[in-house]
Each structure stands twice: as structure tokens, then as C-alpha cells.
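Q: predicted coordinates and the sequence they were generated for:
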Amino acid sequence: MTSETMPGWAGEHADDEIVPRDIRFDISGNAERHWFGGDPLRTAMVDGFSIFLPEGERFFIRSLKHYASKLGDQELIKEINGYAVQEAFHTREHEDYNRTMARLGYDVEEMERPVRSVLGNVSVPLVRLAVTCAIEHLTANFSTMTLRHQEIFADANPAYRRLWMWHALEELEHKAVALDVYKRAAAGMPAWKRYGLRVSAMNVTIFHFSRIFLRNVRLHAQADGIRTGFRFWSRFAWLLLVWPGYTRLSLLAFLRYYMPGYDPRKVDDSDLIRKGRAWLANEYAAGDPAKEIPAR
């Protein structure tokens, strides 16, 4: 199979097109405890992100599907459907990922419990949609960083690296859908109230994400027999703020969300999307062992 025949990966679709790719990465068949360059802390940080995803992605799909029949905009409905299919594939792969973590000895059930609790308490459809917009912005920032600084994952286990690169690409492809739906759903509200709900949802999301993420990184490290004292958290801060600087690299993009009238479509990620599609095409053309199923 060549890159020209791989659906949705290289040169086949418009830069702004949402392309669901039904790819199985077989994390369970490539299980590795410290898959990120043999580093327990870097592994714990990225594994900690995966903990949020299956429950989160089901939450996102429900949030947008609630409004799909109410919008009267066929193009946006099409984007919602493409978004939902992408997220469904993400859910499937991260469920396999998280089951693999559990098999490796991590208490995934305990890590996922607060995620289910927090998301389960968000019942008002418009608030649920605002929270979805906030989380989608966070994942889009992570994705931009991942595709722009591909060297960060250079020493990762190939199966895990491919999964995160694939996920990053698709997050950028659908980065604007949730906020587009929010603007339509909240069109009858005063502008100040729409803005207030959007940023309040982000503030609450950041609070809960941070406390659950830090808790789960600690649980993950303790399962490896690592003491989570001053030295551990100092290195954690170094990874976030200095090198590779996950937070440092994405902070300015994150803060744009607080601008009135913020629109992710005004940030041109077409080069990164093309770069991500080419990266995946090249990986599979070189003989990737993961099973690829044609996009539907």
C-alpha cells in the first residue's frame, strides 16, 4: 500500500475536511509499562491524559448530537456527524489503551472514577456544550504541539506514537466544530452572557482537569513504586515548563480562548494538518504493523 492509496492521509482531502480514519493501533498487543522512552514520569503524564478520553469523548458526542437536529444547517450537521465518527474511533482505541494500562498493573478504575463523576454531573445541554468547547480547545492545543514538535515522541514505542499522532491530527481537523455548534445554540443569548458561560466553563474545566490529572499522575507513579515527593514534582514541573515544556509550548494558544469573539477557524493549521497526514502516510507506507481499515 502506498501513501497515494491510503484513504484520508495524504493529498486526498481538503485541509479543512473532517476525515474519520478507522485505524486499530493494537496497544494491547504492544503493551509496555514505560513506553515513553523508558521514562516512568513522561509515560505517567501522557497515560494520565488517556484516562480522560473514553468517558470524555462519549460526553462530547452526546453534547453535539443533542443539537444536531435543532440547527437546520446541513453543512454543520455533516461536520457533527464526521466529528462523532472520529470521536467514536478515538473512544475505541483509548478504551483498549486504558484496559492495557490496567493489565500492566495500574488502577485505571480508580483513576477514571472522578472523571465519570465530574462529567456525569453536567446535565444542562448548553453547559455540557460549553464544557465540550473548553475540552476541545485543550485537546487542540495538545494536538498542535504534538504535530509541530514531532521530536517529542521520537523515542516512544511506535504503536503509542502512531496513536497519539493520529489522534492529534483528527483533533485539529474537527477543532472548530464544537464552538460552531455553541455559537448557533446560544445565538439568542446576549453576547456578554455567551462569553461568560464559555470562559466560566473553561475555568471550571481547568480546575477539575488539573486536580484529577495531578492525582492520577501520582497514582500512576506510585503503582511503579516511585516516591512522589519534592524531587518527583520538581521534575514534573521541569517537563511542563522547561523541556520539552508541554505547557510552555501551548500556553499562548490556550489563552486565546479568553478573547471575546475567539474563533479557532481564524488560526490556520492547514500546514500542520498536511504534515500530520503525510506523517501517517509515510509511517504506514514503511510497513506499519498496525491494522488499517479503510475510512468509511
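A: Great, that's in hand.
Q: buried set for the stretch of helix or strand Leu41 belongs to?
A: Taking DSSP states H and E as the criterion, Leu41 maps to helix 40-68. Neighbour counts over helix 40-68 (16 or more other C-beta atoms under 10 Å) mark 40-57, 59-61, 63-64, 67-68 as buried. Just so you know, the C-beta spots here come from the backbone N, C-alpha and C atoms, and that holds for glycine as well.
Q: for the following helix or strand past it, name the packing helices and strands.
A: Toward the C-terminus, helix 40-68 is succeeded by helix 74-103 as the next helix or strand (DSSP H and E). Helix 74-103 is packed against strand 23-24, helix 40-68, helix 108-120, helix 158-173, helix 177-185, with contacts defined by 3 or more C-beta pairs under 8 Å, 6 or more residues apart in numbering; DSSP states H and E.
Q: in TSV, list these along with mean pLDDT and distance to His90.
A: Listed next are the helices and strands packed on helix 74-103 as TSV, based on pLDDT from 0 to 100; distance: least, C-beta to C-beta, whole Å:
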stretch	mean pLDDT	distance to His90
strand 23-24	96	10
helix 40-68	97	5
helix 108-120	98	15
helix 158-173	97	6
helix 177-185	96	14
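Q: among the ones you listed, which is nearest Thr139?
A: helix 158-173 (4.9 Å; C-beta to C-beta).
Q: got the buried residues for the closest one?
A: Within helix 158-173, the residues that qualify as buried are 159-173, counting by 16+ other C-beta under 10 Å.
Q: now, which of the residues you listed sits nearest Thr91?
A: For those, the nearest to Thr91 is His167 (11.0 Å; C-beta to C-beta).
Q: isn't that closest one right up against Ser143?
A: Yes - His167 is within contact range of Ser143, at 7.3 Å (criterion: C-beta atoms under 8 Å).
Q: before we move on, back to that, and of the helices and strands packed on helix 74-103, who's closest to Leu241?
A: helix 40-68 (12.8 Å).
Q: from the contact counts, what lies against the closest one?
A: Counting contacts by 3+ C-beta pairs under 8 Å, 6+ apart, helix 40-68 packs against helix 74-103, helix 108-120, helix 125-148, helix 177-185, helix 191-223, helix 230-241.
Q: so which of these gets nearest Leu249?
A: Smallest distance to Leu249 across the helices and strands packed on helix 40-68 (C-beta to C-beta): 4.8 Å, for helix 125-148.
Q: where does this protein have low pLDDT?
A: Applying pLDDT under 70 to the chain flags the ranges 1-12, 286-296.
Q: give me the residue at the spatial middle of it.
A: The centroid of the chain falls nearest to Thr139 when counting by C-alpha atoms, centre = their mean (4.1 Å).
Q: now the helix holding Leu41, how far from the centre of its chain.
A: Its chain's C-alpha centre and that of helix 40-68 lie 6 Å apart, by C-alpha atoms, centre = their mean, to the nearest Å.
Q: now that helix against helix 177-185, angle please.
A: For helix 40-68 against helix 177-185, the angle by axes from the mean of the first three to the mean of the last three C-alpha atoms, to 10 degrees is 30 degrees.
Q: ok, residues contacting stretch 80-88?
A: The contact list for stretch 80-88, computed with C-beta atoms under 8 Å, 6 or more residues apart in numbering, reads 18-21, 57, 60-61, 64-65, 67-68, 170, 173-174, 177-178, 181, 296.
Q: state the distance from the residue in the chain sticking out farthest from the centre to Ser50.
A: Most distant residue from the mean C-alpha position of the chain: Pro190, 30.5 Å away (C-alpha atoms, centre = their mean). To Ser50, Pro190 is 39 Å away according to C-beta to C-beta, to the nearest Å.
Q: please name the nearest non-neighbouring residue to Glu110.
A: Nearest non-adjacent residue to Glu110, counting by C-beta to C-beta, 6 or more residues apart in numbering: Leu219, 6.6 Å away.
Q: that neighbour: neighbour count?
A: 18 (other C-beta atoms under 10 Å).
Q: buried residues in stretch 182-190?
A: Buried residues in stretch 182-190, counted by 16+ other C-beta under 10 Å: 182, 185-186.
Q: quick one: which of those is nearest to His34?
A: Tyr182 (39.1 Å).
Q: touching, the closest one and Arg198? I think so.
A: Yes - between Tyr182 and Arg198 a contact is recorded at 7.0 Å, counting by C-beta under 8 Å.
Q: contacting residues for Met165?
A: 146-147, 150, 153, 276, 279-280, 283.
Q: how near is Arg275 to Glu109?
A: Slight slip there: residue 275 is Lys, not Arg. Distance from Lys275 to Glu109, by C-beta to C-beta: 37 Å.
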